[in-house]
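> Could you look at this predicted model? Sequence included:
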Amino acid sequence: MHSRVPVLVPAGWEVLPFPGSPENTLMRRHYPTGMIVSFAIETYDSLDDHPPLGLLGTWRRLVISMPHREPSWNEMRDYIRTCDLFDRTKDVAMLVPPDDQYVSLNRNAFHWWQREDG
């Protein structure tokens, strides 16, 4: 898996190394409400990388979390619709991976995916 951020990083976002893979990057933003959002464009070239839905290619992934509670459906939906990080003409989906592939650095985090290519 290769991870990168958009060429133009929006104001208020910090660019960080991807956890466990410092050659890759993601961007993160903290909001006054406590919401923490991470975003990366991830390319999966091999099934060994465990691509979303088992599909190789490039995906946009947004992670929304709150420190002391789960974000509500409305908070997540509204954020996705207004963040300008997704193509509004394509579906964005929350996936629950198989148990052996489930990884989350925050127990209150939800991962949202959109296929960028194909």
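Happy to help now that I have it.

> switch to C-alpha atoms for all contacts and neighbour counts from now on
OK.

> Going by residue numbers, what spans are strands in the protein?
Assigned by DSSP state E, the chain shows strands spanning 2-4, 14-18, 21-30, 36-44, 57-65, 93-94, 109-115.

> Where does the prediction get shaky in this protein?
Flagging of the chain using pLDDT under 70 yields the residue ranges 103-105, 118.

> give me that answer again for 90
Within the chain, the stretches with pLDDT under 90 are 1, 18-22, 49-54, 95-108, 117-118.

> And the strands of the chain: which comes nearest Glu75?
Smallest distance to Glu75 across the strands of the chain (C-alpha to C-alpha): 9.4 Å, for strand 57-65.

> Remind me what that closest one packs against, helices and strands.
Secondary-structure packing of strand 57-65 (3 or more C-alpha pairs under 8 Å, 6 or more residues apart in numbering; DSSP states H and E): strand 36-44, strand 109-115.

> what angle sits between the first one and strand 109-115?
Right, the one you point to is strand 36-44. Orientation check (axes from the mean of the first three to the mean of the last three C-alpha atoms, to 10 degrees): strand 36-44 against strand 109-115 gives 40 degrees.

> picking that back up, pipe the strands of the chain into a markdown table and attach mean neighbour count per row.
As requested, those are exported to a markdown table (neighbours: other C-alpha atoms under 10 Å):
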| stretch | mean neighbour count |
| --- | --- |
| strand 2-4 | 19 |
| strand 14-18 | 15 |
| strand 21-30 | 16 |
| strand 36-44 | 21 |
| strand 57-65 | 22 |
| strand 93-94 | 12 |
| strand 109-115 | 19 |
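
> Good, wrapping up.
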